[in-house]
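In: my questions concern the predicted model and sequence given below.
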Amino acid sequence: MSLPSAGVLSTRRLLLRLITPADAAAVVENHRAPDWAPDFPADGDREIAGMLHRQRDDESGPWGHRLVIERATGLVVGGVGFFGPPTDGRVEVGYGIVPSRRGLGYAPEAVRGLLAFAFDHPDVVEVIGGADPANHASRRVLEKSGLSFRERGDGLVWYAVPRPG
């Protein structure tokens, strides 16, 4: 993982760019950008953009939501991010890839990019992620990303990975 420019994480096939207020507004107001995959945004992207659009200040900084950009095409193909900065050494990750790009390994690759970013910060001791128990694909993403089953609770199945080493 590298940082080619401010607010952008880079993996082998993806760029993970912090969402801007303009990005959130475009999603909420349904103003299609030319660099969006035809099936972007998905419902989860709309929900997150709506929450971001209602916020006055971005208090999350680098711990916020990011657009997943496919390097080969330059198209936005999903979203990935943290649910805020670390709390008690823990951050939670969430993700979503549009249907046209599912099955290519983009979601685990994006999550692994976030894990590398998180563990570059000494105050992060664990990354967690939750999935609906019936959503086997989402659970598989967490497993492929390096998280292990932790517990069931709050209607979700929780996975976690501690700081390496």
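Out: Ah, there it is. Residues are numbered from 1 along each chain as shown.

In: pretty sure Val111 is touching Val93, no?
Out: Yes. Using CB atoms under 8 Å, Val111 is in contact with Val93, at 5.8 Å. Placement of C-beta: from N, CA and C, glycine included.

In: report the set of residues contacting both of those two.
Out: Among the neighbours of Val111, those also in contact with Val93 (CB atoms under 8 Å, 6 or more residues apart in numbering) are 80, 129.

In: pairing partners for the strand or helix carrying Leu67, with directions?
Out: Assigned by DSSP states H and E, Leu67 belongs to strand 65-70. The pairing partners recorded for strand 65-70 under DSSP bridges are strand 14-18 (antiparallel), strand 76-82 (antiparallel).

In: any stretches of the protein with poor pLDDT?
Out: Segments of the chain classed as low confidence (criterion: pLDDT under 70) are 1-6, 53-60.

In: in it, which spans are strands?
Out: 2-5, 8-10, 14-18, 65-70, 76-82, 90-97, 126-131, 148-153, 156-162 (DSSP state E).

In: the last one to strand 148-153, inter-axis angle?
Out: The reference is to strand 156-162. Taking axes from the mean of the first three to the mean of the last three CA atoms, to 10 degrees, strand 156-162 and strand 148-153 form an angle of 140 degrees between their directions.
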